[in-house]
Each structure stands twice: as structure tokens, then as C-alpha cells.
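> sequence plus the predicted model coming up.
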Amino acid sequence: MTTHETFFEGPQGKVSLFKLRNESGFGADITDIGATLVSLYVPDKKGKLRDVVLGYETPVDYLDNSSAYMGATIGRYANRIANGTFEIDGEEYHLPLNDHDNTLHGGFKGFHSFVWKSEIMETAKGNAVKFSRLSPDGEEGFPGNLKVEVTYTVTPDNALRINYSAETDYPTVVNMTNHSYFNLNGAESGDIKGHEVMINSDAYTPVNDLLIPFSVEKSVEGTAFDLRDWTRMGDAFTRLDKGYDNNFVLRSSCRDSHVPAAFVRSAKSGIEVEMFTTEPGMQLYTGFFLNGSINGKGGCKYKQFGGLCLEAQHYPDSPNEPAFPSTLLVPGKKYTQTTTYRFKLS
């Protein structure tokens, strides 16, 4: 079942909310401002539905989502581009610097800032809503007119599937993801230190103080980034001052989207999520920069480690690192990406 209602009225006009549900009650609420996941309802071990993603208490706050990117579709380029600069075929492009000396998540007005066109769809895989927009040539400094689509599907087996596609009329770079913060105990339940995480990754990309990679892939062996076995987040945080905001190199066996790339579970709720993706990397971000300033769901204030993000994407600063998987998109080619979050009882 899919329903549609007005979320709020804003400067860009009416903003809509789409509610997708399967027969078990599992489902997602998604708004067309930023093609953003607002809520995700998952049955816990007692059969109660819990909203497991963080979000704002007041709908209009989604208009100014550049500090936390709650649930947003990120683009044109997810993560960071060093010095806001890259080259394509010898031509240099300069982007706005919105993260110290870097460009983060597409700049000041990335994809999260716009109201997207929407279309409710009934598919063989479940109830869906497709969002689309044209990112014009020069938007936030990126070249080429880029046609983008993002489709959310709620499946009968309690999964949220996100399909991305893009085409350009001029060479450009593209790297998209979703920036939902998961808390499997519920959006109003405090921190995720009791959550356990496992990632199918044997390497990560080390970064400098501004979170820009400074070397090629490095083995996780013997480091705080070795999460190949179930690891309690609270224990892992004792090994890292700021928690995680790091790119994990996913095993090649994960990239056909049939082998899970990452797992998270909570004994308190009994909920476990498996993440599948076609992407080569995943940014694990554990909400270190949440500082109590956001008015969250139920009137709570989201504090440090209030949720964790599993951002399937290409590596940070790939346009400036020839050794990394390429994010270049040229005319006649199509960018595609699929990420699925499947929920079950652990």
C-alpha cells in the first residue's frame, strides 16, 4: 500500500510525504524534499513497530538539512572532494568549500536541498516511489546537465531497496548515497553504543585530519577498523577518539548485491539489518558531530553517537585519486547504484 499526503508548505511550494507499507506493516515514509527517508518502521522482537531512523521533529526543518543530512539523498558527489577541485580531461573545476577546505556532499545546495518530481509505482518487487530531477550544468560547480532518478521500494520481505541512476550530456563526476542515521532501538532511544556491527571489509582508506584519504587502501588487520567479526560499538569507540567517519573497502564478493556488505544488530530490540550494495565502498559514520542542537523526533535532542550511517558509495576524493575506482560519467553511459537494507529478527 502507498499513500500520499502534504508534508508541509514551504518556499518551494507544497512538499509531499509518501508512505509505503507491506502487509506486515513494515514501511517507509519518504519526502520529495531531498528525496529523503523520514521514517522507517520495523517490527521488533515483541512485534511492535519501531521507527529506526533519526529525523526532525518539525517537518519544515527538512528544508535546512545541511548540518546533518538526516535521511537525505546525497549528490552530486557524496563525501568529500579535497580543496573543492578536480580535473576532467585537463579542465579544472572549482566547487564551493562547505567543509573546511573541502566540498562535502555536493556543496551548499546539494541534492538534499531541492524538491524532486515524484511518481508512485507498483512494481513486481513491491510498492515504490520514484524521484527525479535535472541537475543543471554548473550546479554547485559541477559540469554537465545530469538527469537523476532515485527509486525507493518496500519489499514483502521487510527490505528497503534504493535504486539510483543518472545520465549526463557532458563528462562529470557522480557519487550518490543515502544519509540515514540508524538506531535499531528507535529514533528516540539514545545512543547506539550497545549496537553490534560487522562489515565484510579487509581494507579501509586512511584519512588526514580533514577526512581526506592520504594513501591507498590499508589492511584493517590489527586496527580499530577490523570489524570483520561482531563488534560492540561502545567497545570500538574506546579505540577511536571520534568514533567512525571512514570509508571501508568492501570485498569484491559483496558488489553484486547478493552478499551482505554490512550487518548491524541490537539485542534490546532484537532487530538486525543487513546491507547489500553494488558499490565498492561504505562510509561508516557514527554520528560524532551530533551535539544536541537538533530537535529530533519526539522532542529529543540527538547527541553524539545517537545513530550510525551505512553510506554505500565510492571512495572519498576519488576524482583526485587515479588508483581509486572511477566516479567519471560520460555521455552515452549510465550511472547505476543499488543499495538494500533488509531487516529481520536477530
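It's in. Residues are numbered from 1 along each chain as shown.
> would you list the phi and psi of Gly84?
As for Gly84, its main-chain torsions (degrees, to the nearest 10) stand at phi 60, psi 30.
> cool, Asp61 as well?
Residue torsions, per degrees, to the nearest 10, at Asp61 are phi -70, psi -20.
> how about it, nearest residue that isn't a chain neighbour?
Once flanking residues are discounted, Asp61 sits nearest to Asn295: 6.8 Å by Cβ to Cβ, 6 or more residues apart in numbering. Bear in mind the C-beta positions are built from the backbone N, C-alpha and C, glycine included.
> what do you get for Lys19?
Nearest one to Lys19, counting by Cβ to Cβ, 6+ apart, is Thr3 at 4.7 Å.
> isn't Asp44 up against Arg50?
Yes: using Cβ atoms under 8 Å, Asp44 is in contact with Arg50, at 5.2 Å.
> which neighbours do those two share?
With contacts taken as Cβ atoms under 8 Å, 6 or more residues apart in numbering, Asp44 and Arg50 have Ser269, Ile271 as neighbours in common.
> so Phe343 touches Asp44, yeah?
No: Phe343 lies out of contact with Asp44 (Cβ under 8 Å); the separation is 10.0 Å.
> what is in contact with these two at once?
Shared contacts of Phe343 and Asp44 (Cβ under 8 Å, 6+ apart): Ile271.
> correct me if wrong: Gly27 contacts Lys19.
Yes: using Cβ under 8 Å, Gly27 is in contact with Lys19, at 6.5 Å.
> residues of stretch 132-142 that come out buried?
Neighbour counts over stretch 132-142 (16 or more other Cβ atoms under 10 Å) mark Arg133, Ser135, Glu139, Glu140, Gly141, Phe142 as buried.
> do the same with stretch 287-302
Buried residues in stretch 287-302, counted by 16+ other Cβ under 10 Å: Gly287, Leu290, Ile294, Gly296, Lys297, Cys300, Tyr302.
> between Gly27 and Lys19, which is the more surrounded one?
Neighbour count, other Cβ atoms under 10 Å: between Gly27 and Lys19, Gly27 has more, with 23 against 19.
> what residues are up against that one?
With contact set as Cβ under 8 Å, 6+ apart, Gly27 has these partners: Lys19, Leu20, Arg21, Leu40, Tyr41, Val154.
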